[in-house]
Every structure is written in C-alpha cells, then in structure tokens.
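>>> Give me a model of this one.
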Amino acid sequence: MQRRPSSPSPSGSRPFQTVPFMGEAMLASEATVEGVAMEGLDFSGQAATLATFTRSRLTRVNLAGSRLSRLDLTEVRLESCDLANAAWLKAHLGRTRLEGCRMVGLDLSGSLIRNTVFENCNGSFAHFRGAILKSVRFQGCNLSGCSFQEADLRGAVFQDCELGEAQMSFARLEGTDFRGSGITGLRVRIEDLKGAIVEPAQAAYLAGLMGLKVIH
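Sure, this is the predicted structure:
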C-alpha cells in the first residue's frame, strides 16, 4: 500500500499521509496508524485487537461488521464512514469527531469516550452499555432504540437528537442535557433522571411517566 503526501493536518503540524484506495485493505492487531488520511478503504468484517489510530482522518471508510476489541482512536475524524454492526468493545475514543457516519447497531459497550462529538450520525440501535462518556456531545443524531443502560452520561449533551425508545435505565444522568431532543418512549427509571437537564415540554412528558398531570 503506497502512500503520498497530502494536505496539512487540521492542527497545522505534520502533514497527513494519504492512503489511496487499492482494493483490499487489512487491519492488524496492535497496529498503530498515525498522521494518515484514509479514503474509501474497506475494512468491513475484519477483526483486530488493540489497533490504534492517532491524529488521522477517515473518509468514507467501510468498517461495517468489524470486530475491533480495545480500539484506540485519539484525535481522529471519521467522515461518512460505515460502522454498522461493528463491535468495538472496550474502545477508547479521545478528542475524536464522527460526522455523518452510519452507526446502526455499533457496539461500544464498556468503552471510554472523552471530548468527542457525534454529529449527524445514524446511531439507531447502537450500544453504549456500561460506557463512560465524558464531555461528549451528540448533535443531530438518530439514536432511536439505542442502549445506554448503566452508562455514565454525566454532563453529556444531546442536541436535536432522536432518543425514542432509547434505553437509559440505571444510567448516570446528572447534568445530562436533553434539551431540544425527542425523548418520547425513552426508557428510563424516574430515579435515574435526578439532576438531568430538560426543557418544559420534556418535563411534562416525564411527569406523565410518573402518573402526574401538568396543568398550564
């Protein structure tokens, strides 16, 4: 797989090395990829352990059905990538951005996700069970049917997202901001909502779950 210089990285430091599409591409366990721009590569269905991507950009990369245990993504941007039904158990995502990605059924259970943004992603039926999310923002994402059960979502922001039928029972939601998102059908225990941030219409809906009637 040949590499050629590309445009400077967003940080303005060392340039990316672009990996062009050349048909079959392989991921190896304990491999480290740094300062690389990948476009159009197909890693679908592949399996690896402890793969690391640092300060890189992945555009239209196919990772659907991949099995990447303990994957590490640090300062990585994923644009229009296919992550459907991938299993990235106990992954680490740090200072990473996922934009316009297909995340249907993606499994990030038990992962540590920090300073990360998910924007305009289809994450329906994705799994974040038991994950720790610190300074994480979901913006314009479809998260219907998603599982956040037992996740630590303290301080997370859900902006203009769809959370219908999402599972958040036993999650930690202190400071979690749901304003502007659809929560009809959200599956959560009332005691889990302590300290969550909601807008009036959402509060009325949640009150209805407790059997209360809100009269204006």
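>>> And the helices in the protein, which stretches?
Ranges of helices within the chain are 200-209, based on DSSP state H.
>>> For V157, report the pLDDT, please.
Predicted confidence (pLDDT) for V157: 98.
>>> so who does it touch?
The contact partners of V157, taken as CB atoms under 8 Å, 6 or more residues apart in numbering, are 136-139, 176-177. No exception for glycine: its C-beta is placed from N, CA and C like everyone else's.
>>> The residues you listed in strands, which ones?
Among the contacts of V157, DSSP state E puts 136-139 in strands.
>>> out of these, who has the most neighbours?
Ranked by the number of neighbours (other CB atoms under 10 Å), the ones in strands among the contacts of V157 place F138 first, at 25 neighbours.
>>> Any idea what it is bridged to?
Beta bridges link F138 to F118, F158 when assigned by DSSP bridges.
>>> so it sits right up against L153, yeah?
No: using CB atoms under 8 Å, F138 makes no contact with L153, being 9.9 Å away.
>>> overlap in contacts of those two?
Counting by CB under 8 Å, 6+ apart, nothing touches both F138 and L153.
>>> ok, the one residue sitting closest to the centre of the chain - contacts?
The C-alpha lying nearest the average C-alpha coordinate of the chain belongs to F118 (CA atoms, centre = their mean; 5.5 Å). Counting by CB under 8 Å, 6+ apart, F118 touches 98, 101, 103, 136-139, 141.
>>> any weak-confidence spans in this protein?
1-24, 210-216 (pLDDT under 70).
>>> Quick one: residues contacting G195.
So G195 contacts 173-176 (CB under 8 Å, 6+ apart).
>>> Equivalent analysis for G140, please.
G140 is in contact with 119-120, 159-161, counting by CB under 8 Å, 6+ apart.
>>> Just the buried subset of those, written out for PyMOL, thanks.
A single PyMOL command is used to select the members of the contacts of G140 judged buried by 16 or more other CB atoms under 10 Å:
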select buried, resi 119+161
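>>> And the contacts of G140, which two are furthest apart?
Pairwise distances across those peak at 11.2 Å for N120 and Q159 (criterion: CB to CB).
>>> my read: V76 touches F53, true?
Yes: if you go by CB under 8 Å, V76 and F53 touch, sitting 5.0 Å apart.
>>> Could you measure from L27 over to G35?
Distance of L27 to G35, computed by CB to CB, to the nearest Å: 17 Å.
>>> In a markdown table: the contacts of V157, plus distance to M168.
What follows is the contacts of V157, written out as a markdown table (distance: CB to CB, whole Å):
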| residue | distance to M168 |
| --- | --- |
| V136 | 14 |
| R137 | 17 |
| F138 | 13 |
| Q139 | 18 |
| T176 | 9 |
| D177 | 14 |
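>>> which one of the ones in strands among the contacts of V157 sits closest to G65?
Nearest to G65 out of the ones in strands among the contacts of V157 is F138 (CB to CB; 23.0 Å).
>>> Check the spacing between the closest one and C146 real quick.
Taken as CB to CB, the span from F138 to C146 is 9 Å.
>>> can you list residues touching both of those two?
Joint contacts of F138 and C146 (CB under 8 Å, 6+ apart) are G123.
>>> Neighbours of the nearest residue to K134 once chain neighbours are set aside, how many?
Closest residue to K134 apart from its sequence neighbours, by CB to CB, 6 or more residues apart in numbering: R114 at 4.6 Å. Using other CB under 10 Å, R114 is surrounded by 15 other residues.
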